[in-house]
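> What would the 3D arrangement of this be:
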Amino acid sequence: MMIKTTIAILLLAAVVISQLPTGIPAAVSQLPTGIPAADISRRPPPENGPLFARWLVGECRWGVLNTLDRQNGFPFGNVVSYTDAATGVPFFYLSKTFDPTGLNALSNNRSSFTLSEAELGTCSVDPQSPLCTKITLSGQLYLLPENSSEATFAESELFRTHPMLAGWPKNKGNFGAFKLVIGEIFLVVNMFKPFKKVPLSEYFNATQ
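Residues are numbered from 1 along each chain as shown. All right, here's what the predicted structure looks like:
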């Protein structure tokens, strides 16, 4: 029985591995004008968890930000733009009036943020495949004090990376800069290896 199970696992692995591209394809080119493309040439080996995590967070431009619904307590996921401004910390531009994510965070700041390498075009398999690296950052989502140096910095970097955000009516939409204070990093790298919990110190100290 064990031999049959082992053979089945090996056959499954062989099928998935056969779907691997012969090379790393170019990044998705159909990005809106003004949004920088990912720097695929600097892609580190996935085996180096902290370095790969920093690269993935630095190169992606959007992800799914999860909060707890302030009314029913259910998890609520929302597709949002972001930047890490080369710091490893995600910053967001959210409405405190119309966007459930911002409202939820003000009520309960427990949050997680999920990214997939599929966004960058560097894996040609299904995004759920273990051959396609993905990361979840968990922690607390905070509204930065208006006109503080950190809020000014975050908005500047967000508007540089996502020019459309700069045109949104800040006062009417009650927009503000938020940041995710990371408490835990969950990284799934390729080749059917177990997930990694990347130590925060190694993540923030990782440089190329």
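> What segments of this protein are strands?
Ranges of strands within the chain are 62-68, 75-81, 91-95, 110-116, 134-143, 175-188, 196-197, based on DSSP state E.
> in its sheet, what does the fourth one sit against?
So the one you mean is strand 110-116. strand 62-68 (antiparallel), strand 134-143 (antiparallel) (DSSP bridges).
> so which of those gets nearest E150?
Comparing the strands paired with strand 110-116 against E150 with CB to CB, the closest turns out to be strand 134-143 (9.9 Å). To be clear about C-beta, it is placed using only N, CA and C from the backbone, and glycine gets the same treatment.
> State the distance from the residue minimising distance to the centre of the chain to T136.
When CA atoms, centre = their mean is applied to the chain, the residue found nearest the centroid is L115 (3.2 Å). L115 sits 8 Å away from T136, going by CB to CB, to the nearest Å.
> Common neighbours of these two, please.
Residues touching both L115 and T136 (CB atoms under 8 Å, 6 or more residues apart in numbering): none.
> Now do the end-to-end distance for stretch 59-73.
32 Å (CA to CA, to the nearest Å).
> re earlier: which strand residues bridge the residue nearest to the centre of the chain?
Bridge pairing for L115 - DSSP bridges - gives I135.
> same check, this time on A177
Y93.
> measure P145 to S107 for me?
Separation of P145 from S107 (CB to CB): 18 Å.
> what do you get for T114?
According to CB to CB, T114 and S107 sit 21 Å apart.
> Compare those two (neighbour count), which wins?
T114 (15 against 12; other CB atoms under 10 Å).
> related to what we said a few turns ago, can you verify my assumption that the residue nearest to the centre of the chain contacts V57?
Yes: proximity of L115 to V57 meets the contact threshold set by CB atoms under 8 Å, at 6.6 Å.
> overlap in contacts of those two?
I135.
> sorry, back to before: indicate which one of the strands paired with strand 110-116 is closest to G49.
If we rank those by CB to CB, the stretch that ends up nearest is strand 134-143, at 9.6 Å.
> Distance from the chain centre to that closest one, please.
9 Å (CA atoms, centre = their mean, to the nearest Å).
> got the angle for it vs strand 91-95?
Relative orientation of strand 134-143 versus strand 91-95 (axes from the mean of the first three to the mean of the last three CA atoms, to 10 degrees): 60 degrees.
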